[in-house]
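Engineer: Sequence below, structure please.
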Amino acid sequence: MLTVKLGKAFEYLPQANIDLDEAFDQLFGDLHPAQLDIPEETLRSLANEWLLFDFRHTPGTSLIEQYYFSDPDNLSQVELDELRQIIESQSLYLFQTYKSSKSPYVYVESIFTGKKYTVYDRALADSVDTVDGSFVARLAKVGRTYYFVGSDPLVFAIRYTSRAIKIFVQEKTPAPTLKDMLLQFSQSKEKLHKNVDVAAEQKKVQKKYQKLAQKFQSKVSFQQITDFVYEENYQDHFADYFTDLLELGIPEELVVDHSGLFLEIWNFYPHKELGDQCPHDVYQEKYVKGAMQPKKSKQKKQKIQLSQAQFFTLMKAVYLGNWMANAQRVEDRFTDYEEIEDVIFSLAAEFDLGTYVSHEPEDGDTYYPTSEFEDETDVDKIIEEYDEETFWTELAERLGERDFLEKYSAEEIKAMSREERFEKRYELVDQVSEELNKYGLERVRIVKLRGGTQRK
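Structural biologist: Next up, the predicted model:
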């Protein structure tokens, strides 16, 4: 879980060297916010994300970079380190889930790179499985964990097949920008929500195709196309629609140059899968007459069958999970981790594992591991190994970061590209790692310098 609060960067905005008029001119261009079919709150959130990460004034630094270098709030070293890693790793992606989430984790696949990520996002994990489509979100890596760090995901009512994703990857399709996303919504609300005369639109697109078929010498009749559309059986979407039109025999130049026409055929002609309705009518019913909102998830209880050995492993897993979440906390504890540990431990006696659990009537719903549990299982060993690895990794990271900030001035760092900063910083981190791997703490000392300053 992140410690740093990105909202603090916006409080620094009045002190930052940022021209807001220029920033929003770059984002919206000739578009007026009223033209976009995006709720005002979402649009404001996207604009803030653009200001924070993407807009760069003349010296070439973003708002979040200015905030990091100036550090007006005297952030802790942990917060600074998280902020730096967010700046260096953040990027915008188009995602879709590839398997059901398990709170607090979301499992997503990047449409244009094909890479899969496990992302820590407790709020999204509770609702993303009810979103039928893909979504745009900003991803960053801090330590070994991925987080969504921008505005709430912007949802599109389309999913992509593995074949479509493979094509995007092979063609090295560039990742979208926020401006790209806004253009997708640039159709006016009036036009998008207008209940058009479907029969009139059908006649219009038929006449247009027949004209173009003569020009491009297409031997595929309009009836063949509408029959194909009616019989389509894509499971989630029409991502392969254009590829299949080529296989039908329509000239590639016609499909590429007039893709909008084939989308209109798709939208205004009936599909068997939709109960003989056309997608336009279905869209009207589902999204216009009732706003596109994720369905509320229902709390379902299910039974699972476990052997004694599997349940014992589950006991250790929830114990370790609760330890990871709460061991360092006195206040603001994650009670959901404690509660699930109590639920699992309360069932131990049913698996003849009651000796590993302590519970008295006055404890209520709280169950405690016994000394036998900690002594006879490998949980303490796992924790010790984790602490050992984390100690050396964090020590190298933080000493390397200190050396980086001492070696280069703030002006020099501002002039570096993100890749150059990352490379130069990790050169120093690697040097520290080599030293620690070879000598451990043997050569680490606190040395007093002139003026009473202390350092390694």
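Engineer: Look up how far Thr226 lies from the closest residue to Asp276 other than its chain neighbours.
Structural biologist: In this structure, Asp276 finds its nearest non-sequential neighbour in Pro270, 4.8 Å apart by CB to CB, 6 or more residues apart in numbering. C-betas here are computed from N, CA, C, even on glycine. According to CB to CB, to the nearest Å, Pro270 and Thr226 sit 8 Å apart.
Engineer: so where do the strands sit in the stretch 151-300 of the chain?
Structural biologist: 154-156 (DSSP state E, counting those that start in this stretch).
Engineer: all helices for it, in order.
Structural biologist: Counting by DSSP state H, counting those that start in this stretch, one finds helices in the stretch 151-300 of the chain at the ranges 162-170, 178-184, 189-193, 198-216, 222-231, 241-248, 252-257, 259-268, 279-283.
Engineer: Compare these and say which comes out lowest on pLDDT.
Structural biologist: Mean pLDDT values for the helices of the stretch 151-300 of the chain show the minimum at helix 189-193, a mean of 44.
Engineer: tell me which element Arg44 falls in.
Structural biologist: Using DSSP states H and E, Arg44 sits within helix 40-49.
Engineer: could you say what helices and strands that helix packs with?
Structural biologist: helix 178-184 (3 or more CB pairs under 8 Å, 6 or more residues apart in numbering; DSSP states H and E).
Engineer: doesn't Tyr117 fall inside a strand?
Structural biologist: Yes. Counting by DSSP: H, G, I helix; E, B strand; the rest coil, Tyr117 is part of a strand.
Engineer: So which residues lie in contact with stretch 361-379, not counting its own?
Structural biologist: 315-316, 319-320, 323, 338-339, 341-342, 345-346, 348, 355-359, 380 (CB atoms under 8 Å, 6 or more residues apart in numbering).
Engineer: Drop anything exposed from those residues.
Structural biologist: 315-316, 319-320, 323, 338, 341-342, 345, 348, 356-359 (16 or more other CB atoms under 10 Å).
Engineer: how far away is Leu314 from Ser101?
Structural biologist: Leu314 sits 19 Å away from Ser101, taking CB to CB as the criterion.
Engineer: neighbour count winner among those two?
Structural biologist: Each of Leu314 and Ser101 has its neighbours counted (other CB atoms under 10 Å); Ser101 has more, 20 against 15.
Engineer: With the flanking residues excluded, which residue is spatially nearest to that one?
Structural biologist: Using CB to CB, 6+ apart, the nearest residue to Ser101 is Ala125, at 4.2 Å.
Engineer: Is the one you found in contact with Ser103, as I believe?
Structural biologist: Yes. The criterion here is CB atoms under 8 Å, and Ala125 meets it with Ser103 at 4.2 Å.
Engineer: which of these two has more neighbours?
Structural biologist: Per other CB under 10 Å, whichever of Ala125 and Ser103 has more neighbours is Ala125, with 18 against 12.
Engineer: Out of the buried ones among the contacts of stretch 361-379, flag the one nearest to Ala213.
Structural biologist: Of all the buried ones among the contacts of stretch 361-379, Ala213 sits closest to Leu320, with 65.0 Å by CB to CB.
Engineer: any idea how far that closest one is from Thr335?
Structural biologist: Per CB to CB, Leu320 is found 17 Å from Thr335.
Engineer: same question, Asn48
Structural biologist: Distance, Asn48 to Thr335, using CB to CB: 31 Å.
Engineer: Nearest spatial neighbour of Lys116, chain-adjacent residues omitted?
Structural biologist: Leaving aside its sequence neighbours, Lys116 sits nearest to Glu109 (CB to CB, 6+ apart; 4.9 Å).
Engineer: buried set for stretch 44-55?
Structural biologist: For stretch 44-55, burial by neighbour count (16+ other CB under 10 Å) applies to Ser45, Leu46, Ala47, Asn48, Glu49, Trp50, Leu51, Leu52, Phe53, Asp54, Phe55.
Engineer: Just put the residues you listed in JSON lines and tack on pLDDT and distance to Arg159.
Structural biologist: What follows is the buried residues of stretch 44-55, written out as JSON lines (pLDDT from 0 to 100; distance: CB to CB, whole Å):
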{"residue": "Ser45", "pLDDT": "81", "distance to Arg159": "24"}
{"residue": "Leu46", "pLDDT": "81", "distance to Arg159": "22"}
{"residue": "Ala47", "pLDDT": "82", "distance to Arg159": "27"}
{"residue": "Asn48", "pLDDT": "85", "distance to Arg159": "28"}
{"residue": "Glu49", "pLDDT": "86", "distance to Arg159": "24"}
{"residue": "Trp50", "pLDDT": "84", "distance to Arg159": "26"}
{"residue": "Leu51", "pLDDT": "85", "distance to Arg159": "31"}
{"residue": "Leu52", "pLDDT": "87", "distance to Arg159": "29"}
{"residue": "Phe53", "pLDDT": "88", "distance to Arg159": "26"}
{"residue": "Asp54", "pLDDT": "85", "distance to Arg159": "26"}
{"residue": "Phe55", "pLDDT": "85", "distance to Arg159": "31"}
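Engineer: That concludes my questions; thank you for your assistance.
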